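Student: Sequence and predicted structure, then a few things I'm wondering about:
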Amino acid sequence: MDNIEQLLQMLQEYTDKEKIYKQYYELQDDPDAKKAYLAEIEPIVREKHLLIFDFPFITHPELLTEADLYSHLSITKGSNINIVRHLRYTPVFWHSHTFFTVLYVLTGKCGHKVGELDLPMEQGDIFFLPPYVKQTIEVFDDSLILNIHIRRDTFGDYFFNVIRSNNVISNFFISSLYSHEPIQGLLFQTGNDLEIRNLFLDMYQEILLDDVYSWRLLDQMVPILFVKLLREYAEKVRLVGTHKNRKLNEQHLQLLGFIYDNYKSITLEQVAEHFHYSIPHCSALIQKEAGMGFAAFVRQIRMNHATTLLRNTHAPISEISYTVGYETPESFIRAFKKSYGMSPSQYRKQKDTSSASL
């Protein structure tokens with residue numbers, strides 16, 4: 001038996017939580033047996049906080065962070081991504097995440113809703129979900145679903161440059177990060193593509209290993225996945241509508257992408273000239289697409305890069321200020337305080353303290 005087959009066999013095995021969820025699900029039509037079972041498992045439900053909503057003490061936040069779900073896993077220890085298997089028979093509940101999610105149906109199928117849309121998924125389907133978009137997942141059989149979770153705050157610096165060009169994944173992430181009304185997702189249908197399947201399994205294997213090299217390898221493997229999807233499936237991808245069903249305007253996203261690529265020194269005049277717009281028209285398009293004016297949009301991009309550097313490097317504040325496009329550290333500190341209500345040093349100290357407590 002090779003490593004892939006061993007891993008698939010291991011993934012098929014039910015966890016203790018899944019066994020409880022499954023028995024609870026199978027007793028839905030037998031009220032008396034269900035009542036007795038609930039009494040039996042109440043101590044475990046309290047201890048493990050299982051999502052069995054018959055118990056009034058069980059609640060869940062609608063917005064889930066990395067720390068809410070995976071306080072002991074790599075995504076909260078410095079890695080930019082994590083991969084988990086969705087627990088089968090978990091009761092359905094609406095939720096959203098602070099991170100990007102890439103949902104993959106390894107075997108079988110699953111029920112899936114995003115916002116007001118019903119989007120059931122089959123084997124080989126891959127769905128890109130942005131942060132803060134509500135979804136539900138239904139797996140009430142032996143199907144295997146994997147989720148890649150990608151930090152929103154580090155995506156631009158660690159992954160985006162690998163795929164940065166005018167393509168559907170790039171436009172999706174630009175929309176998710178910076179558009180006023182982002183699209184709600186991308187759906188790739190890869191069917192029985194073994195290369196894609198094995199890449200997901202290789203990534204999951206690194207999560208199991210979780211050694212000092214795993215997160216570095218994962219940071220390289222995720223962009224490879226993106227590029228392979230673009231190579232084979234870019235022409236077949238399905239774009240899921242925006243919050244207000246506004247059609248995706250690729251040219252407007254290219255405008256935001258151009259600013260993103262040149263944020264350190266770009267001017268509104270240069271943007272207008274590049275796209276052959278008048279300056280007032282260009283300014284209006286940025287306001288419409290980003291929900292803010294040009295100067296505020298550039299500042300937001302700079303601050304996103306700055307916070308990533310503050311959290312993930314020991315670079316001096318003066319160096320970070322020049323890296324993100326400010327002429328002096330003083331101007332950077334003023335802009336940072338305007339955005340976050342604290343100095344860059346205070347922000348770094350606060351994040352260091354919260355990370356140490358995990």
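Tutor: Done, it's in. These figures come from a predicted structure and were not determined experimentally.
Student: isn't I317 right next to F332, touching?
Tutor: Yes: between I317 and F332 there is a contact under C-beta atoms under 8 Å: 7.4 Å. All C-beta spots, glycine's among them, are computed from the backbone N, C-alpha and C.
Student: Mind checking which of these two has more residues around it?
Tutor: Ranked by neighbour count (other C-beta atoms under 10 Å), I317 and F332 place F332 first, with 23 against 17.
Student: hang on, the more buried one in a helix?
Tutor: Yes: according to DSSP: H, G, I helix; E, B strand; the rest coil, F332 belongs to a helix.
Student: that older thread, which residues do I317 and F332 both contact?
Tutor: P344 (C-beta atoms under 8 Å, 6 or more residues apart in numbering).
Student: Show me where the stretch 1-150 of the chain has its helices.
Tutor: For the stretch 1-150 of the chain, helices defined by DSSP state H, counting those that start in this stretch occupy the ranges 3-12, 16-26, 31-48, 66-70.
Student: my bad, should have said the stretch 201-350 of the chain
Tutor: Using DSSP H, counting those that start in this stretch, the helices of the stretch 201-350 of the chain run over 214-233, 250-261, 268-275, 279-290, 294-312, 317-323, 329-340, 344-356.
Student: out of those helices, which comes closest to F57?
Tutor: Closest to F57 of the helices of the stretch 201-350 of the chain, according to C-beta to C-beta: helix 344-356, at 26.9 Å.
Student: and the closest one, what's its mean pLDDT?
Tutor: What helix 344-356 shows for mean pLDDT is 74.
Student: Endpoints of stretch 186-195, how far apart?
Tutor: 20 Å (C-alpha to C-alpha, to the nearest Å).
Student: Show me the shaky parts of this protein.
Tutor: 1, 66-79, 153-166, 242-250, 351-358 (pLDDT under 70).
Student: From P223, how far out is the residue nearest the centre of it?
Tutor: Per C-alpha atoms, centre = their mean, the C-alpha nearest to the average position across the chain is that of F100, at 0.9 Å. Distance, F100 to P223, using C-beta to C-beta, to the nearest Å: 13 Å.
Student: Could you list the domains of this protein?
Tutor: The chain breaks down into these domains under automatic domain parsing: 1-55, 60-242, 250-356.
Student: so of those, which one's packed in deepest?
Tutor: With neighbours defined as mean count of other C-beta atoms under 10 Å, those peak in mean count at domain 60-242, which reaches a mean of 18.
Student: still on that earlier bit, ok, what's across the strand from the nearest residue to the residue nearest to the centre of the chain once chain neighbours are set aside?
Tutor: Among residues not flanking F100 along the chain, I150 sits closest, at 4.1 Å (C-beta to C-beta, 6 or more residues apart in numbering). Beta-bridge partners for I150, by DSSP bridges, are I81, F100.
Student: Report the contact partners of I150.
Tutor: Contacts for I150 (C-beta under 8 Å, 6+ apart) come out as N80, I81, F99, F100, T101, V102, F159, V222.
Student: Same question for L8.
Tutor: T107, L201.
Student: go again using 6 Å as the cut-off
Tutor: Applying C-beta atoms under 6 Å, 6 or more residues apart in numbering to L8 gives no contacts.
Student: swap in the one 3 residues further on?
Tutor: When the contact criterion is C-beta under 6 Å, 6+ apart, the partners of L11 are L144.
Student: Could you double-check that N167 lies in contact with R231?
Tutor: No: N167 lies out of contact with R231 (C-beta atoms under 6 Å); the separation is 10.2 Å.
Student: how far away is Q135 from I224?
Tutor: Separation of Q135 from I224 (C-beta to C-beta): 25 Å.
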